[in-house]
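**Q** Sequence and predicted structure, then a few things I'm wondering about:
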Amino acid sequence: MNFKLLSVLGLSSVFFHGCMSIDKIDTAAVQGFSSPQELLAAKKVNGRNGKGEDYVYYWGSGTDDTHDPESLYPHRYLTRYCESKSGKFERLYRSEQDLTGRSYGDFWQKHKNVTQGIGGFKCTQANGQKWFASIEPVGHRFMDSRQYDIRYVKLLTEILPEQELKKKYKDEESFKAIVRDVTDNKVSAADMEKILNSPNLQQVKLYFEANKQYVNGDHLAACNKVEKAYQFGNFYPKGGSNAYTESAFLFARCLGTVPAFARKYDEPSRLSYRIVKELAEKHKFKEAQDFLRKAGIQ
């Protein structure tokens, strides 16, 4: 086997993951670990750097029935570990899948090999002990090859305190419920005023207005507006919301392309680079990653 060639082709991860069958992740495979955290670390469920691992969820047309969905491995490990303690592993919260951005459409977001294994979970062991886990997508990619149509989702698996898990999912659910209610005209005038004045929606509104102005050539006005959106900060520190990442990226562009705006800052180029680098590395924001790649930085 030519492993150098496999690496060049981008097949090395497929080869090594493919050596394991999901059926082999049984209770025997999770014995000997004192905690779910120890299990995740030993099995490198979050990759070598602990920030998430790429798992194949789609092997190509006509092959899904003959290849294991790697994207279900984290869920299977935690399920089997819970069962090894005579416990019950159950989903508490549905994933809102906000962390990956919007670049790849609905295909992966609706694929059963992704949706079945993500969300917020609870294990109740026979001895009464409980622990909580979050499995969330933080990135997505596909193999850039005419011969292969293999698609990956990057999953981050975390063991969290109950209150932190609840806050993580309740915050996202509440915000989405607000947006749905506004869309469906199910709120009163008084509630509508509160909603429109919420920081979340102000950030969204400012970004969309700024982006429209920028596209139409009114760059200085757009930059001043997106600066305000960016300054609201990130409402979801674990991975970022679209409004924050989009605002931050446009703000970084303003620092590098609109001199009349950039002169407000002492070192606009350095600040722009720092923002783009953070978006690419921490938030896995595709536009930022592509920008750094084209610039020869990543």
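**A** Received, thanks.

**Q** Poorly predicted segments of the stretch 101-250 of the chain, please.
**A** 101-110, 143-149, 171-197, 235-241 (pLDDT under 70).

**Q** Which positions within the helix or strand that contains Ala243 qualify as buried?
**A** Here Ala243, judged by DSSP states H and E, is contained in helix 242-257. In terms of neighbour count (16 or more other C-beta atoms under 10 Å), helix 242-257 has its buried residues at 242-256. C-beta: built from backbone N, CA, C; applies to glycine.

**Q** just stretch 137-144 next, same as before
**A** 137-143.

**Q** Report the two of these separated the most.
**A** Of all pairs drawn from the buried residues of stretch 137-144, the one with the largest separation by C-beta to C-beta is Val138 and Met143; the distance is 18.8 Å.

**Q** Can you show me the strands along the stretch 151-298 of the chain?
**A** Counting by DSSP state E, counting those that start in this stretch, residue ranges of the strands within the stretch 151-298 of the chain are 151-160.

**Q** Kindly report the same for the stretch 1-150 of the chain.
**A** For the stretch 1-150 of the chain, the strands identified by DSSP E, counting those that start in this stretch occupy 53-58, 88-93, 119-124, 130-142, in order along the chain.

**Q** Of the buried residues of helix 242-257, which is the nearest to Lys43?
**A** Lys43 lies nearest to Thr245 out of the buried residues of helix 242-257, by C-beta to C-beta, at 30.2 Å.

**Q** ok, and the closest non-adjacent residue to that closest one?
**A** For Thr245, the nearest residue in space outside its immediate sequence neighbours is Phe285; the separation is 4.8 Å by C-beta to C-beta, 6 or more residues apart in numbering.

**Q** There's contact between that neighbour and Phe249 in this structure, I believe.
**A** Yes - between Phe285 and Phe249 there is a contact under C-beta atoms under 8 Å: 6.6 Å.

**Q** intersection of neighbour lists for the two?
**A** When contacts are counted by C-beta atoms under 8 Å, 6 or more residues apart in numbering, the set common to Phe285 and Phe249 consists of Leu279.

**Q** tell me, how many neighbours does Tyr265 end up with?
**A** Neighbours of Tyr265 under the rule other C-beta atoms under 10 Å: 13.

**Q** give me every residue that touches the nearest residue to it once chain neighbours are set aside.
**A** Leaving aside its sequence neighbours, Tyr265 sits nearest to Leu271 (C-beta to C-beta, 6+ apart; 5.8 Å). Under the criterion of C-beta under 8 Å, 6+ apart, the contact list for Leu271 reads 252, 255, 265.

**Q** what phi and what psi does the backbone show at the last one?
**A** Same thing as Tyr265. Backbone torsions of Tyr265, given as degrees, to the nearest 10, read phi -110, psi 150.

**Q** And it, how far from Glu227?
**A** The span separating Tyr265 from Glu227 equals 10 Å under the rule C-beta to C-beta, to the nearest Å.

**Q** Fine, thanks again, bye for now.
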